[in-house]
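Student: my questions concern the predicted model and sequence given below.
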Amino acid sequence: MTLRTAVSPPRARESQLQDAPSKHYKWRKIAPFIYIGPAVAYLLVFMVIPVVQGIQLSFTKTPLVKPDGGTAVGLDNYTRLLSSSHFYNSLWATIVYTAATVIFAVLIGVGAALLLNRAFKGRTIARAIITFPWAVPTVATALIFSWIFNRSDGVLNQVVGVFGIGQQGWLVDPKYGMAAVVLASVWKVMPLVMLVVLASLQSVPGELYEATRVDGASAFDAFKAVTWPHIAPTVRVVALLMTIWSIRRFEIIYLLTGGGPVDSTNTLVVNVYRQAFSNQELGRAAAIGTLGLVLSLLITVLYFMLERRSAAKEA
Amino acid sequence: MISRRALLGAAASSLALAGCSSGPKIDPNRPASAGGNLKFGSWQWLEPGRGEAMWKAAQAYQKANPSGVLAQSTTPFLSYADKLNTEIGGKQGPDLFVVQDVNFYPLADAGILAPLTSVVSGHTGNPFNHTVESGVVNGAQYGITWERLNWNFFWNKNILKTAGVTPPENVTELITASEQIRQATGLDGFGVRHQMTEFDSWFMDFDVWTYGFGGAWSDGSQPTIDSAENIAGVEAFGDVYRSGAMPIGDDASTMRTKFREGRLGMMIDVSSTVAGILRASDVMKSEDIGFADRIPLPKPSAHQEIILAVNGYGKNKNLAVDFVGWIGSDTGQQALRDAMGPSTLATDVPFSAEYDQANPWAKSFIDLASESRSPLIRGYEAQTKSIMREVMTQVERYLVDGGSAAKALSTAQTQVTQLLG
């Protein structure tokens, strides 16, 4: 009762504000803009302006050492790119690398999460060990794998040697270059998939499993009916993130193979680096970057279309 | 309405920030005698032993000009050129720096470097040798030689002796000698760069083979990638690569470590490598190094030039130019000679008698400078790296997949022609 008298009823207060446009009223009008201001400024400065400048740069011939000394060349960078086999090789390498990394990382990550979600002795230690690669810096990962894959002294050749297979040039033979890079990348990123899916698995209500047991469902049926519907949205999001990160990944590929052997791992991002720094052609590098951006956008749009379709189906 | 207090606060903050961000403006064209700080960029400051000796040599400048203070600007070799180019693109970077000729040329060609004409015209003492021409771009002097590193062939005498091998004098003998070393000792016979992960250095190393057969990547007006001489060089390298003579997959630093530890028989590498190996090795002594008068190929070899240049965007250009003048003087060159060991310098400064006696291999590297050739592609100097990227990709394809060297270089020729438009 006391409280009720001390505080004015909300409707009355609102009408007071509307009747007399006061300081508070003005504040309420501008407050949202102030709150979102820093985020908008951040996005503008670090995302929108660089992207716009990058696209602008792609229509110029600009040397690295004189970025303000470019000359407009219209669509020349794009026509050269689209008429060169290098670009299509690079695009293909990106697609193969991304698809392989995402598929293996998601499959192994989900599998590991399902295993580690079960109660067993030493589960915490197992989780910590499997998470470890995610914590290892990428440069260290690349170094470790370059030793493992070394043709003359590498561990992998010693292991395959036990099975009578001769020395293989994992990082120097185009037959194996991509597989080697994908293996190192999956080792590095799979723990993140596992952690995210594991978190999602822990939110599945135990009663649902109980119900499937009562109904006499097999483990696979329980997975199909209970587990998968719960974790599927998480897996889809993590797969989307993995896809975008894989398209953008540079260090591990560049440090292991430099885009070789014979350009077999020369993904779009490695190609951008080569054009910008080795060939010192910022305009052409920006054109590759812009096409890479279009690829990422297409994948994102496709993802949201599939998401909408699946939501509509569920509804 | 903004209150007066807020307005005053904002003004005070702006003044404080302005005070923090900029000091008194420095005239970039003030005379060298006014002194000041010089940021000197080089990856070599990080080289164990040699870097410290070079820095000490550079700092001797302060005896000539006590008001000029040098400070290091250093980045590891692998990212040095990228960082330097990016900084200079942003009109920043060290006041003066050393840079490989393939990276120097585009900078000079873009008109970014300060001219060093006064250094050459005002030079006294020992004259600049023929290497001074490497610093001339579009008719103007933009750099002087910091050091010219020549490639030569050298070996571990003890390993060759154990294997009963005489030093090879051609490619066939090199392959045979490597096999014999492996059979007799179980060690790798021969090492040289061979991977695209080391592209920035490998394409220069590789010139040893094509130049060694009299090849060139252009005739000055058009690319000659698929010339008969280049094909012969690529085939020779392919023969060595596939013979099992080399530890395939080892990078240069691994091979140098193996040689330093007495686990590799023979190498083709630059003079500073031998000096570095000896400085860091407990196993190898100078008398253990065998050396040839030239690489076992028919024609003269290649070199790698490291050039000293002044940043046109530098804050103390005249002081930097003064430093370059001093480094070219007899005092500066002597200080550098003591630090560099077996490199060719801007003037012909001899080794000390003791050094010469203790390192008999050193002079062979210096002698090669008179006929060695630059990796810069004549007529396409600024595009050297782009051209060599296409060439080396096809060379790598040939090495790995086999097939025909002529076909690989013909493909490279087509791609380079497209690249150059």
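Tutor: Noted; the coordinates are in hand.
Student: for the top strand by length along chain B, name the packing helices and strands.
Tutor: In chain B, with assignment by DSSP state E, the single longest strand is strand B:143-156. On a contact count with 3 or more Cβ pairs under 8 Å, 6 or more residues apart in numbering or on different chains; DSSP states H and E, strand B:143-156 meets strand B:264-270, helix B:271-280, strand B:289-291, strand B:303-310, helix B:317-328, helix B:330-340, helix B:362-368. All C-beta atoms are positioned from the backbone trio N, CA, C, and that covers glycine.
Student: please identify which of those is closest to chain A.
Tutor: Judged by Cβ to the nearest Cβ, the one of the helices and strands packed on strand B:143-156 that comes nearest to chain A is strand B:264-270, at 11.1 Å.
Student: could you give the mean pLDDT of the closest one?
Tutor: What strand B:264-270 shows for mean pLDDT is 95.
Student: give the pairing partners of that strand; include direction for each.
Tutor: According to DSSP bridges, strand B:264-270 forms sheet pairs with strand B:143-156 (antiparallel), strand B:188-191 (parallel).
Student: any chance of CSV for the helices and strands packed on strand B:143-156, columns mean neighbour count and distance to A:Y35?
Tutor: As requested, these are exported to CSV (neighbours: other Cβ atoms under 10 Å in any protein chain shown; distance: least, Cβ to Cβ, whole Å):
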stretch, mean neighbour count, distance to A:Y35
strand B:264-270, 25, 61
helix B:271-280, 21, 59
strand B:289-291, 19, 71
strand B:303-310, 25, 51
helix B:317-328, 24, 49
helix B:330-340, 20, 60
helix B:362-368, 20, 68
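Student: what residues does the stretch 201-315 of chain A have near chain B?
Tutor: By Cβ under 8 Å from any Cβ of the partner chain, the part of the stretch 201-315 of chain A that sits against chain B consists of A:255-263, A:274, A:277-281.
Student: surely A:L255 is in contact with A:F149?
Tutor: No: using Cβ atoms under 8 Å, A:L255 makes no contact with A:F149, being 11.8 Å away.
Student: compare these two (neighbour count), which wins?
Tutor: Comparing A:L255 with A:F149 by other Cβ atoms under 10 Å in any protein chain shown, the one with more neighbours is A:F149, at 25 against 19.
Student: got the phi and psi for the residue nearest to that one when sequence neighbours are not counted?
Tutor: Nearest residue to A:F149 in three dimensions, chain neighbours excluded: A:W170, at 3.8 Å (Cβ to Cβ, 6 or more residues apart in numbering or on different chains). Reported as degrees, to the nearest 10, the phi and psi values for A:W170 are phi -60, psi -40.
Student: ok, now A:V110?
Tutor: The phi/psi pair for A:V110 (degrees, to the nearest 10) is phi -70, psi -40.
Student: what is the burial count for it?
Tutor: Using other Cβ under 10 Å, A:V110 has 25 neighbouring residues.
Student: confidence score at the residue nearest to A:T71 when sequence neighbours are not counted?
Tutor: Of all residues not flanking A:T71 in the chain, A:K61 sits nearest, at 5.3 Å (Cβ to Cβ, 6+ apart). According to the prediction, A:K61 has pLDDT 94.
Student: repeat that for the one 4 residues further on.
Tutor: Confidence per residue is given as pLDDT, and for A:V65 that number is 90.
Student: so which residue of the stretch 101-250 of chain A comes closest to chain B?
Tutor: Taking Cβ to the nearest Cβ, the stretch 101-250 of chain A has A:R151 as its residue nearest chain B, at 3.5 Å.
Student: if I pick the closest residue to that residue other than its chain neighbours, what's in contact with it?
Tutor: In space, and not counting its chain neighbours, A:R151 is closest to B:G249: 3.5 Å by Cβ to Cβ, 6+ apart. Shown in contact with B:G249 (Cβ atoms under 8 Å, 6 or more residues apart in numbering or on different chains): A:149-152, A:154, A:169, A:171-172, B:195.
Student: dihedrals phi and psi, B:G249?
Tutor: Main-chain torsions, B:G249, degrees, to the nearest 10: phi 100, psi -20.
Student: please apply the same query to B:L345.
Tutor: phi -110, psi -180.
Student: cool, the one 4 residues further on as well?
Tutor: In this entry, B:V349 is assigned phi and psi values of phi -90, psi 120 (degrees, to the nearest 10).
Student: flag every residue of the stretch 1-150 of chain A that's near chain B.
Tutor: A:63-67, A:69, A:84, A:149-150.
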